[in-house]
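Engineer: When you get a sec, could you give me coordinates for this:
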Amino acid sequence: MTITDLNTVEGRSYPARRTTKNLVGGTSSLSADHFCMGVATLDPNGGQVPWHNHEQEEVYVILEGTGEMCIGDERQTLSGGQAVYIPSNAYHQLTNIGDTPLRMMYCYAPAGDVDHWRQELAGTLPKAGEDVPPLPEGAQPQHTDAP
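Structural biologist: Modelled structure (predicted):
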């Protein structure tokens, strides 16, 4: 039996002000053939998973906090206890719009690496409305700056 303890998993910090911890897949000691799972903490007042897309279907579960979720041309506010489905290849972004950290869980399938992590760290994430489709009207701006 392999067990991973979220309290001991090292996280990775991203320029858009979030920390991500892989629980299943990637660098985790737990592996699965068909999905990946992890948790992320978005800093208060603007921490973000920036505008991006990938071939994997994905679900975000908001554990605590309040965020603005954009998928395609839709924009909604999500809070603790809510989940959202993200279809394959759909552009999406989650921004913490609250004064406290937003904690969320993500699960995507099929398993595999997603490019936006590397792109964000390198400062090469495509820019909304320039390189890729624009964010929905009124959405929080996308964070694309490298550290």
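Engineer: how about the helix or strand bottoming out on mean pLDDT in the chain: buried residues?
Structural biologist: In the chain, the helix or strand scored least confidently by mean pLDDT, DSSP states H and E is helix 115-122, which has a mean of 90. By neighbour count with 16 or more other C-beta atoms under 10 Å, helix 115-122 contains the buried residues His116, Trp117, Gln119, Glu120. In this view, the C-beta of every residue, glycine as well, is placed from N, C-alpha and C.
Engineer: so what secondary structure elements neighbour it?
Structural biologist: Applying 3 or more C-beta pairs under 8 Å, 6 or more residues apart in numbering; DSSP states H and E, one finds that helix 115-122 contacts strand 12-14, strand 48-52.
Engineer: middle-most residue in this protein, spatially?
Structural biologist: The residue lying closest to the centre of the chain (C-alpha atoms, centre = their mean) is Val49, at 4.2 Å.
Engineer: isn't that residue right up against Thr19?
Structural biologist: No - in this structure, Val49 is not within contact of Thr19 by C-beta atoms under 8 Å, at 11.4 Å.
Engineer: shared neighbours, those two?
Structural biologist: Residues touching both Val49 and Thr19 (C-beta atoms under 8 Å, 6 or more residues apart in numbering) are Ala40.
Engineer: do you know how far the closest residue to Val132 other than its chain neighbours is from Ala139?
Structural biologist: Nearest non-adjacent residue to Val132, counting by C-beta to C-beta, 6 or more residues apart in numbering: Pro126, 4.5 Å away. Separation of Pro126 from Ala139 (C-beta to C-beta, to the nearest Å): 16 Å.
Engineer: hmm, back to that, for the helices and strands packed on helix 115-122, which has the smallest mean pLDDT value?
Structural biologist: Of all those, mean pLDDT reaches its minimum on strand 12-14 (a mean of 93).
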